[in-house]
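Participant: Turn this into a structure:
(3 chains)
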Amino acid sequence: MTFQKVIAYQTQPRSTRNITADISHIIAQSAIRTGICHIFVQHTSASLMICENADPDVRRDMETYMQHIVPDGDPMFLHQDEGPDDMSAHIRTVLTNPDLTIPISDGQCALGIWQGIYLWEHRTHSHQRRIVVTVQGDK
Amino acid sequence: MTFQKVIAYQTQPRSTRNITADISHIIAQSAIRTGICHIFVQHTSASLMICENADPDVRRDMETYMQHIVPDGDPMFLHQDEGPDDMSAHIRTVLTNPDLTIPISDGQCALGIWQGIYLWEHRTHSHQRRIVVTVQGDK
Amino acid sequence: MTFQKVIAYQTQPRSTRNITADISHIIAQSAIRTGICHIFVQHTSASLMICENADPDVRRDMETYMQHIVPDGDPMFLHQDEGPDDMSAHIRTVLTNPDLTIPISDGQCALGIWQGIYLWEHRTHSHQRRIVVTVQGDK
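Facilitator: Next up is the predicted model:
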């Protein structure tokens, strides 16, 4: 059995947003008890991340690390059409991925206790981001 | 309902290839209307990437970045059996992943307008690469 | 049809463990012939990797590379609560992912001949790690 829903977020510039509750809500709506939930961002400069959900410094350090490893406006990049965060945002998305699949057990997101699902906006401006959520399994 | 197909490509040395049309074709063959499409490269030195599909400079910069962050023939690597691109190709594959799942809506690949699916050959020679495509969902 | 099982491992400090045989065993138990197998680590400092399975130097180089690209105890990190391997383990997990999906063909893991499935412990101490395995497809 398959259940699908599209959600959209207006993101904050270069930030992470905890979307776990919204995903849990869609899983509950699906009434699927055992299966998987596939989450997909329809963009090439925003991604999904499973991250520690207790200490906000973890996400801050994740952002610090990304800026360190993928410098904005690096002269090695040819593609700078939309500014210094353009190509770096594409690379950050490829390194962290626009797709994520999580298990469903007993009708719920089977995440570990410290895991949260985050939408990561890699551009330095706010954007509208569409996410397709597909739930598959047995009732 | 499950539909599966194996496709193979003779790659160009260290290059990306847009395989979106081939994936769309398999989804159409499956006749599945709502679900997911799982794509899997059966190799450890080629990977799959969702990438911006309009400006070829984006993929060129992606390649430049990878060569920068994972230098070929780095003396820190012990495994160099097949040349300087051997270990770096394995690392590039782990960073970008051999598996990818995309949603299906209304019988089609539910990609964003700027998203393409690319097979990324990380070796500096041409190789035959096998990809298993599994479509799951409701008709 | 969906089949789900939870497995747990007591890991060795900062090491990789080949779990391919255990995953194959669960697929056999499911009796599913064609489909996908989703594997998910319920932690934020251990991940899953498809890696070359013949030469142990490949995994050693993978570890060397990760220590090089994500230095333990880097002063740029604020989150160091549990020691120098705390934040680096979270980053390593995001770069390599806690989720992995592989195809099933003819009732078996459809891996390439050189591919193995590895659980990667990123902390420098042993931990108990839970993995949820969900098999979906047709009998």
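Participant: Check the separation of the first and last residues in stretch A:119-126.
Facilitator: Taking CA to CA, to the nearest Å, stretch A:119-126 runs 13 Å from one end to the other.
Participant: Show me what the mean pLDDT comes to for that stretch.
Facilitator: For stretch A:119-126, the mean pLDDT works out to 98.
Participant: Can you list the neighbours in contact with that stretch?
Facilitator: With contact meaning CB atoms under 8 Å, 6 or more residues apart in numbering or on different chains, stretch A:119-126 is reached by A:9-17, A:19, A:41, A:45-49, A:66, A:72, A:83, A:85-86, A:88-89, A:92-93, A:96, A:127, A:129, A:131. In this view, the C-beta of every residue, glycine as well, is placed from N, C-alpha and C.
Participant: Buried ones among the residues you listed?
Facilitator: For the contacts of stretch A:119-126, a burial check counting by 16 or more other CB atoms under 10 Å in any protein chain shown picks out A:9, A:11, A:14, A:16-17, A:19, A:41, A:45-49, A:66, A:72, A:85-86, A:88-89, A:92-93, A:96, A:127, A:129, A:131.
Participant: Helix, strand, or coil at the residue positioned nearest the centre of chain A?
Facilitator: Nearest to the mean C-alpha position of chain A, counting by CA atoms, centre = their mean, stands A:Leu48 at 1.9 Å. Following DSSP: H, G, I helix; E, B strand; the rest coil, A:Leu48 is assigned to strand.
Participant: Could you give me the buried positions within the host helix or strand of A:Gln29?
Facilitator: Secondary structure from DSSP states H and E places A:Gln29 in helix A:20-30. Buried residues in helix A:20-30, counting neighbours by 16+ other CB under 10 Å, are found at A:20, A:22-24, A:26-27, A:30.
Participant: Show me how far it is from its chain's centre.
Facilitator: Relative to the mean C-alpha coordinate of its chain, helix A:20-30 is positioned 15 Å out (CA atoms, centre = their mean, to the nearest Å).
Participant: which SS class is A:Ile102?
Facilitator: Taken by three-state DSSP, the conformation at A:Ile102 corresponds to strand.
Participant: for A:Arg60, what are its contacts?
Facilitator: The neighbours of A:Arg60, taking CB under 8 Å, 6+ apart as the test, are C:78-79.
Participant: Could you list the buried residues of the host helix or strand of it?
Facilitator: In the assignment (DSSP H and E), A:Arg60 maps to helix A:56-69. Within helix A:56-69, the residues scored as buried using 16+ other CB under 10 Å are A:57-59, A:61-66, A:69.
Participant: Check those residues one by one and keep those near chain C.
Facilitator: Filtering the buried residues of helix A:56-69 for neighbours of chain C using CB under 8 Å from any CB of the partner chain leaves A:57-58, A:61-62, A:64-65, A:69.
Participant: of all the residues you listed, which two lie farthest apart?
Facilitator: Largest separation among these by CB to CB: A:Asp57 and A:Ile69, giving 18.1 Å.
Participant: burial of the closest residue to chain B within chain A, as a residue count?
Facilitator: Among the residues of chain A, A:Gln42 lies nearest to chain B; the distance is 3.2 Å by CB to the nearest CB. A:Gln42 sits with 21 neighbouring residues when counted by other CB atoms under 10 Å in any protein chain shown.
Participant: my read: it touches B:Gly112, true?
Facilitator: Yes - the pair A:Gln42 and B:Gly112 passes the contact test of CB atoms under 8 Å, sitting 3.2 Å apart.
Participant: joint contacts of these two?
Facilitator: Contact with both A:Gln42 and B:Gly112 is made by residues A:Arg130, according to CB under 8 Å, 6+ apart.
Participant: Excluding chain neighbours, what is closest to the residue of chain A found nearest chain C?
Facilitator: Taking CB to the nearest CB, chain C has its nearest neighbour within chain A at A:Gly112, 3.2 Å off. Distance criterion CB to CB, 6 or more residues apart in numbering or on different chains; nearest residue to A:Gly112, sequence neighbours excluded, is C:Gln42 at 3.2 Å.
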